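Participant: 3D, please:
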Amino acid sequence: MSNMDFMEKLLGGVEVEWNPLESIAKIKHGKDWKDLSSGDIPVYGSGGIMGYVGELSYDKPTVLIPRKGSITNIFYVETPFWNVDTIYYTEIDTTKMVPKYLYHFIKTLDLMALDTGSGRPSLTQAILNKIPVPIPCPDNPKKSLEIQAEIVRILDTFTELTTELTTELNLRKKQYNHYRDQLLSFEEGEVEWKTLGEVAVIGTGSHDTQDAIEDGDYIFYARGREPLSLNVFDFDETAIITAGDGAGVGKVFHYAQGKYALHQRAYRIVPSDMMDPRFVYHCLRSYFYGYIQKASVSSSVTSLRRPMFLNFPIPVPSLAEQARIVAILDKFDALTNSITEGLPREIELRQKQYEYYRDLLLSFPKPDAEVAA
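Facilitator: Predicted coordinates for the structure are as follows:
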């Protein structure tokens, strides 16, 4: 069935009218609050829930649209809430529109294209009021609401599945952390402990971010989570990579195998023969960031130096025991972190599926004048 056939079957031949948002909802400002400590009414800002109060601002289903800041963060709220002045709430005419239908539709819009801020992104009531919203079967409100409700039902099926998968992922992450801590904790005298400087070679690369090219032959590890590429390589080895400065300080994003290039402010950690590289990877990924935070004299670590690596304590069980631990942790790692397998991959696929059907279900025919334009 084509997209057009799907829409025609859903609409049953009825007309669709595009009306400005102000004709079906009043956009209202939030209010400042003073006390976050009392009550259980959530306080929404443009970034989400900021705290709780005892007094409510509004208690009907609504769509919250940021006025400034994270303007693409759209929230649907059915329970009592309070909203601050950085986010609007919508008083929706429920004789014309199912509130969650409006939520799903607003999610299809490129709100950044409506940004009026000179620095911090912002949206004005005047601009939002003029957003055209599709209303199926406008001459028959009952049938219109039925069509809207069916669209909401279909889309909610996808979002509920994504929510269930996300909840499952969070439980698996807690389980992973529990087993990781158990597997990497050893009783006194059970294993030998050494410093990272004793069991690994530690060094940096020679490239700058501006050296990166598109579609290079080799992976170029810089300081961020996403690798770049180059047509030359610096090393051909197995190594753990961490950023020397920037937002990734102390965090382990990459496990290099084979030929790669390295940023001049990223560190390569190459384990010796007494260590399973993946065992060292799990130890560093689990505890190195916390170690750096405690070892630093500054409350905010902005850069690393090689001496900061040298004294990081690391257990040295037998290679067979290291391999056993690695096998267990790698399975959990794939389940909880891999974007190519496990739950993260499943969540990504379900999110794309939701977006596909959302855009399909809300792709009503535009007015002839707009199509011609």
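
Participant: Below-threshold pLDDT in the protein: ranges please.
Facilitator: Residue ranges of the chain with pLDDT under 70: 1-13, 33-37, 295-302, 337-343, 365-373.

Participant: Show me it divided up by domain.
Facilitator: 3-159+350-372, 192-316 (automatic domain parsing).

Participant: export those to a markdown table and tack on distance to residue 328 and mean neighbour count?
Facilitator: For glycine as for every other residue, the C-beta is placed from the backbone atoms N, C-alpha and C. Shown next, in a markdown table, are the domains of the chain (distance: least, C-beta to C-beta, whole Å; neighbours: other C-beta atoms under 10 Å):
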| stretch | distance to residue 328 | mean neighbour count |
| --- | --- | --- |
| domain 3-159+350-372 | 27 | 16 |
| domain 192-316 | 10 | 17 |
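
Participant: now those in CSV, with distance to residue 330?
Facilitator: Below are those laid out as CSV (distance: least, C-beta to C-beta, whole Å):
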stretch, distance to residue 330
domain 3-159+350-372, 24
domain 192-316, 7
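
Participant: Ok, which of those comes nearest residue 184?
Facilitator: domain 192-316 (6.2 Å; C-beta to C-beta).

Participant: Going along the chain, name the helices of this structure.
Facilitator: 3-11, 99-106, 125-129, 141-183, 196-199, 277-295, 306-310, 319-337, 342-361, 368-372 (DSSP state H).

Participant: so which of the domains of the chain comes closest to residue 173?
Facilitator: Once the domains of the chain are compared by C-beta to C-beta, domain 192-316 is nearest, at 12.5 Å.

Participant: ok, now which ones touch residue 72?
Facilitator: Applying C-beta atoms under 8 Å, 6 or more residues apart in numbering, we find residue 72 in contact with 66, 111, 112.

Participant: how does it look with 6 Å?
Facilitator: By C-beta atoms under 6 Å, 6 or more residues apart in numbering, residue 72 lies in contact with residue 111.

Participant: Adding distance to residue 31, write the helices of the chain out as a markdown table.
Facilitator: Shown next, in a markdown table, are the helices of the chain (distance: least, C-beta to C-beta, whole Å):
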| stretch | distance to residue 31 |
| --- | --- |
| helix 3-11 | 40 |
| helix 99-106 | 21 |
| helix 125-129 | 15 |
| helix 141-183 | 29 |
| helix 196-199 | 53 |
| helix 277-295 | 38 |
| helix 306-310 | 47 |
| helix 319-337 | 40 |
| helix 342-361 | 32 |
| helix 368-372 | 37 |
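
Participant: how about residue 122, what does it touch?
Facilitator: 68, 116.

Participant: I'd like the numbering to begin with 898 instead of 1 from here.
Facilitator: All set: I'll call the first residue 898, so the last point we hit is now residue 1019.

Participant: hang on, the earlier thing: nearest approach to residue 1159 belongs to which of the helices of the chain?
Facilitator: Per C-beta to C-beta, nearest to residue 1159 of those: helix 1203-1207, 14.0 Å.

Participant: Can you spell out which helices and strands pack onto that closest one?
Facilitator: Helix 1203-1207 is packed against no helix or strand, with contacts defined by 3 or more C-beta pairs under 6 Å, 6 or more residues apart in numbering; DSSP states H and E.

Participant: With only the CA atoms kept, save that helix in CSV.
Facilitator: What follows is helix 1203-1207, C-alpha atoms only, in CSV (Å, rounded to 0.1, in the frame of the first residue of the first chain):
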residue,chain,number,x,y,z
ARG,A,1203,50.9,11.8,31.2
PRO,A,1204,51.9,11.6,34.9
MET,A,1205,48.2,11.5,35.9
PHE,A,1206,47.9,8.1,34.1
LEU,A,1207,50.9,6.5,35.6
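
Participant: Give me the contacts around it.
Facilitator: Contact with helix 1203-1207 is made by 1093, 1094, 1099, as judged by C-beta under 6 Å, 6+ apart.

Participant: One more pass at 7 Å, please.
Facilitator: Helix 1203-1207 is contacted from outside by 1092, 1093, 1094, 1099, 1164, 1189, 1192, using C-beta atoms under 7 Å, 6 or more residues apart in numbering.

Participant: Look up how far residue 1138 lies from the fifth one.
Facilitator: Going back to what we said before, that points to residue 1164. 7 Å (C-beta to C-beta, to the nearest Å).

Participant: Each with direction, which strands does the longest strand anywhere in the chain pair with?
Facilitator: Counting by DSSP state E, the longest strand found in the chain is strand 1149-1159. Neighbouring strands of strand 1149-1159 in its sheet, by DSSP bridges, are strand 1115-1118 (parallel), strand 1132-1140 (antiparallel).
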